[in-house]
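Student: Generate coordinates for the sequence data below:
(chains A and B)
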Protein chains: 2
Amino acid sequence: MPSHGEKKSPGKLYIVGIGPGSQGQITGDATKAIRDSEVIIGNAAYLDQIAGLTSGKRVIRSSMGHEVERAREAVGLASRSRVAMVSGGDPGVYGMAGIVLEVVDNMGSSIPVEVIPGVTAATAAAALVGSPLSGDFAVVSLSDLLTPWEVIEHRLRAVVRAGMPLVLYNPRSRTRSANFGRAMKIVLDILPDSTPMALVRHAYREGEQVITLTAGEWETVEEQVDMHTVVIIGSEETRFWRNGNETRGIITPRGYHRKYVY
Amino acid sequence: MPSHGEKKSPGKLYIVGIGPGSQGQITGDATKAIRDSEVIIGNAAYLDQIAGLTSGKRVIRSSMGHEVERAREAVGLASRSRVAMVSGGDPGVYGMAGIVLEVVDNMGSSIPVEVIPGVTAATAAAALVGSPLSGDFAVVSLSDLLTPWEVIEHRLRAVVRAGMPLVLYNPRSRTRSANFGRAMKIVLDILPDSTPMALVRHAYREGEQVITLTAGEWETVEEQVDMHTVVIIGSEETRFWRNGNETRGIITPRGYHRKYVY
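Tutor: Residues are numbered from 1 along each chain as shown, chains lettered A, B, ... in the order given. Okay, the predicted model is just below:
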């Protein structure tokens, strides 16, 4: 129930997804929220991506790994100003929305909050690769900073056994360099070596890299997998996709072949 | 390997995600691809959504349920023209990308094809609800037109048992009116009745509806669930989210509470 006697706050907090990589991947509504804001908060890479939208505004650069402090600061500022907290991809998928909303709730804040969705890294990577996520799929982060590794392993097995393509976020960091390999071994306990998979690094950004390979070949790309990489692992139905004479990506057919001849 | 002797085709096929509901949810790159195209193909609802972008172009309205024919037509036209096949949300998630790329491959076509991602219904719905998909999650369609119902049931169980929030696409149609209820019974075999869930209908569109409730209350909303609805079912970690004195949505905390006091 809205409380009536309360003084209306002049502030507002937008949590804005700016999509992957380039400014061409931002939606109109996200652009509008940024333009409407007096204060923009985000880490350096995200602020660079929207540099064309922030002139004349107060810009607060934050660094990775201080999410709770950044969230608190944003909520504080939003009590008197219009604030946009920007997040790469979609803010609700391993982004800032969850933690900011938690902080709003815990502080008992009644500032108006709006989450603006963006193109998430999973579907951005999928588009660059073909159509590996055409049907059901799951998204799992390999970062065991906030989730115990046993839980991650259980999820990987459950998803792969259920025949769903899998998108891995945060697949490998300097301090967690073994996680990608550990995940691939779990996958290959269940799926054949020939299963198509793909790596997308720096999607829609300078230095973009798209690699398709079979799951059995994962060791050949391990060194290239980092926190800017999204890994897509197909299901048993996934196959390589040809465009003319060239193999250009991977697709997971949705089963139309069972219903139609074409 | 690219074939060199081949005559370069003047055509191009864009498979474009126009995001959910309103024109404000389209990215700049998607808008550019539509503007660059001479022919636009899509179903009526999607064409209405981008009406401001198609004047002076050849517009082909297609109806639901003829995906293979529509894909073939698009590939045929794209051998001599620039064609945009538009899809709501992201074209790679239960959209047209999979079937179009299959048809390209099966026809041996070498026309240039580009998939342009969009904001997918799962994250759009999540943004309207709060942040229910902050961590790992899975997306499952309840349509058993292309996937056997036993496979769908197995996926639902696997995802819910693995502690991941679940997004249901195509939850209930006139001809498959029981599927939503069947899915909820499977969910409630594993999760407590108090699990937060949400329904989003016509996201970012006229008539938008956002309802949060507990999983145990699903029968009270069953009649409102249709093919324009996305259903989000939380995990054991999901909880209702308060904004001041009002309960306004649901969030799935990412586990920062295990690492930080705030």
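
Student: okay, CA-based contacts and neighbour counts for the rest of this
Tutor: Noted.

Student: Would you report the backbone torsion angles of A:Ile211?
Tutor: Torsion angles at A:Ile211 (phi, psi; degrees, to the nearest 10) stand at phi -130, psi 130.

Student: Can stretch A:106-118 be said to contact chain B?
Tutor: Yes - shown here: stretch A:106-118 in contact with chain B (CA under 8 Å from any CA of the partner chain) through A:Asn106, A:Gly108, A:Ser109, A:Ser110, A:Ile111, A:Pro112, A:Glu114, A:Val115, A:Ile116, A:Pro117, A:Gly118.

Student: Can I have the buried ones of those as a PyMOL selection?
Tutor: To isolate the buried ones among the residues of stretch A:106-118 next to chain B in PyMOL, judged by 16 or more other CA atoms under 10 Å in any protein chain shown, type:
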select buried, chain A and resi 109+110+111+112+114+115+116+117+118
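
Student: Low-confidence regions, chain A specifically.
Tutor: The model of chain A has pLDDT under 70 over residues A:1-9, A:256-262.

Student: Do you have the strands of chain A handy? List them.
Tutor: Under the criterion DSSP state E, chain A carries strands at the ranges A:12-17, A:39-43, A:58-62, A:82-87, A:113-116, A:130-131, A:137-141, A:166-169, A:196-201, A:209-214, A:229-233, A:239-243, A:246-251.

Student: Tell me the bridge partners for A:Leu13.
Tutor: Bridge pairing for A:Leu13 (DSSP bridges) gives the partners A:Val83, A:Val113.

Student: Share the number of residues neighbouring it, please.
Tutor: 26 (other CA atoms under 10 Å in any protein chain shown).

Student: surely it meets A:Ser109?
Tutor: No - counting by CA atoms under 8 Å, A:Leu13 stays clear of A:Ser109, with 11.1 Å between them.

Student: Give me the domain ranges for chain A.
Tutor: A:12-119, A:122-255 (automatic domain parsing).

Student: between the strands of chain A, which one is nearest to B:Trp149?
Tutor: Smallest distance to B:Trp149 across the strands of chain A (CA to CA): 16.1 Å, for strand A:137-141.

Student: Check which helices and strands the closest one is in contact with.
Tutor: When contacts are defined as 3 or more CA pairs under 8 Å, 6 or more residues apart in numbering or on different chains; DSSP states H and E, strand A:137-141 sits against helix A:149-161, strand A:166-169, strand B:137-141.

Student: That one pairs with which strands, parallel or anti?
Tutor: When DSSP bridges is applied, strand A:137-141 pairs with strand A:166-169 (parallel), strand B:137-141 (antiparallel).

Student: hmm, who's touching that strand?
Tutor: A:122, A:152, A:155-156, A:159, A:164-171, B:135-140 (CA atoms under 8 Å, 6 or more residues apart in numbering or on different chains).

Student: With only the CA atoms kept, save that strand in CSV.
Tutor: The C-alpha coordinates for strand A:137-141 follow below in CSV (Å, rounded to 0.1, in the frame of the first residue of the first chain):
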residue,chain,number,x,y,z
PHE,A,137,18.1,-23.1,-22.6
ALA,A,138,19.8,-22.2,-19.3
VAL,A,139,22.3,-19.6,-18.2
VAL,A,140,24.9,-20.6,-15.5
SER,A,141,27.8,-18.5,-14.1
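
Student: before we move on, back to that, tell me the two of the residues of stretch A:106-118 next to chain B that are most distant?
Tutor: Once CA to CA is applied, the residues of stretch A:106-118 next to chain B give A:Gly108 and A:Gly118 as the farthest pair, at 27.1 Å.

Student: which residues does the nearest residue to A:Pro253 once chain neighbours are set aside contact?
Tutor: Spatial nearest neighbour of A:Pro253, chain neighbours left out: B:Gly98 (6.0 Å); criterion: CA to CA, 6 or more residues apart in numbering or on different chains. By CA under 8 Å, 6+ apart, the residues touching B:Gly98 are A:Gly130, A:Ser131, A:Pro132, A:Ser134, A:Ile251, A:Thr252, A:Pro253, A:Arg254, B:Gly92.

Student: mind listing what the residue of the stretch 151-262 of chain A at minimum distance from chain B touches?
Tutor: Chain B sits closest to A:Gly244 of the stretch 151-262 of chain A, with a gap of 3.8 Å, by CA to the nearest CA. Taking CA under 8 Å, 6+ apart, we find A:Gly244 in contact with B:Asp105, B:Gly108, B:Ser109, B:Ser110, B:Ile111.

Student: switch the cut-off to 7 Å
Tutor: Contacts here follow CA atoms under 7 Å, 6 or more residues apart in numbering or on different chains; on that basis A:Gly244 touches B:Gly108, B:Ser109, B:Ser110.

Student: related to what we said a few turns ago, make JSON lines from the helices and strands packed on strand A:137-141 and add mean neighbour count to it.
Tutor: What follows is the helices and strands packed on strand A:137-141, written out as JSON lines (neighbours: other CA atoms under 10 Å in any protein chain shown):
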{"stretch": "helix A:149-161", "mean neighbour count": "18"}
{"stretch": "strand A:166-169", "mean neighbour count": "25"}
{"stretch": "strand B:137-141", "mean neighbour count": "23"}
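
Student: Ends of stretch A:222-230, what's the gap?
Tutor: The stretch stretch A:222-230 measures 12 Å between its terminal residues, going by CA to CA, to the nearest Å.

Student: does that stretch come close to chain B?
Tutor: No - Stretch A:222-230 does not reach chain B (CA under 7 Å from any CA of the partner chain); its nearest approach is 13.8 Å.

Student: Other residues contacting that stretch?
Tutor: For stretch A:222-230, contacts defined as CA under 7 Å, 6+ apart pick out A:Ala125, A:Val167, A:Leu168, A:Tyr169, A:Asn170, A:Pro171, A:Arg172, A:Ser173, A:Leu199, A:Val200, A:Arg201, A:His202.

Student: Next, format those residues as CSV and append distance to B:Leu145.
Tutor: Shown next, in CSV, are the contacts of stretch A:222-230 (distance: CA to CA, whole Å):
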residue, distance to B:Leu145
A:Ala125, 27
A:Val167, 25
A:Leu168, 28
A:Tyr169, 31
A:Asn170, 34
A:Pro171, 34
A:Arg172, 38
A:Ser173, 41
A:Leu199, 31
A:Val200, 32
A:Arg201, 35
A:His202, 36
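
Student: I am finished for the moment; much appreciated.
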